[in-house]
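*Asks:* Okay, predicted coordinates and the sequence, questions at the end:
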Amino acid sequence: MAAPIRLANEAWEALFRAQATLSQEFEHSGDWGELLPREYGVLYALAGAPDGLRMTELCEDVLLTQAGISRLIGRIEKRGLVERHDDPEDARASRITLTSAGIEVQRLAGRAHARRVATAMGRALSPAELEVLRNLSLRLLAAAEAAR
């Protein structure tokens with residue numbers, strides 16, 4: 001058995017490469033319609049937030065910088081997919097929500113993306129293994145959040 005430090009690093013490298021490789025596959029083979037994959041990520045995050053999200057919350061969710069998310073929101077706002085509203089809890093902030101057009105675009109792209117993900121993951125993993133992977137990933141996330 002590999003030493004704990006080596007094993008942890010090998011596991012991290014494998015996880016990182018698998019995620020990066022699959023992300024590239026989804027980006028290049030996806031039917032994103034009028035969206036870029038990062039734009040879809042924002043629409044997906046907003047689909048789970050009926051009251052909208054602040055820019056800072058979106059940055060954390062889609063792993064972009066403040067400047068990056070601001071430019072991205074500006075682009076999809078011009079296309080009528082999202083809109084800004086005053087934040088009732090903080091007059092200095094705004095909340096971003098999906099428009100009805102944004103909801104429809106996200107749903108269409110989301111259905112196609114979900115099928116691609118299921119196909120790619122199912123090529124190598126059984127349903128039981130997918131469950132284990134999901135649970136281990138959630139444990140890693142929870143531990144990282146607790147360490148913050």
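*Replies:* Good, I have the coordinates. Please read all numbers here as calculations on a predicted model, not as lab measurements. Numbering: from 1, shown residues only.

*Asks:* What segments of this structure are helices?
*Replies:* In the chain, the helices defined using DSSP state H lie at 4-29, 37-47, 55-62, 66-78, 100-122, 127-147.

*Asks:* who wins for proximity to residue 91 among these?
*Replies:* When those are compared by C-beta to C-beta, helix 55-62 sits nearest residue 91, at 14.9 Å. Bear in mind the C-beta positions are built from the backbone N, C-alpha and C, glycine included.

*Asks:* Mind listing residues that contact that closest one?
*Replies:* For helix 55-62, the external contacting residues (C-beta atoms under 8 Å, 6 or more residues apart in numbering) are 38, 41-42, 45-46, 49, 53, 64-66, 68-70, 73, 93-94, 96.

*Asks:* residues in contact with residue 109?
*Replies:* By C-beta under 8 Å, 6+ apart, the residues touching residue 109 are 30-33, 35, 40, 43.

*Asks:* can you rerun that using 10 Å?
*Replies:* Neighbouring residues of residue 109 by C-beta atoms under 10 Å, 6 or more residues apart in numbering: 30-35, 37, 39-40, 43-44.

*Asks:* just the buried members of those?
*Replies:* Buried subset of the contacts of residue 109 (neighbour count, 16 or more other C-beta atoms under 10 Å): 30, 32, 35, 39-40, 43.

*Asks:* any idea which of those residues is least confident?
*Replies:* Ranked by pLDDT, these bottom out at residue 30, which has 67.

*Asks:* Give me the pLDDT value at residue 82.
*Replies:* In this prediction, residue 82 carries a pLDDT score of 97.

*Asks:* That one contacts residue 42, doesn't it?
*Replies:* Yes. If you go by C-beta atoms under 10 Å, residue 82 and residue 42 touch, sitting 7.6 Å apart.
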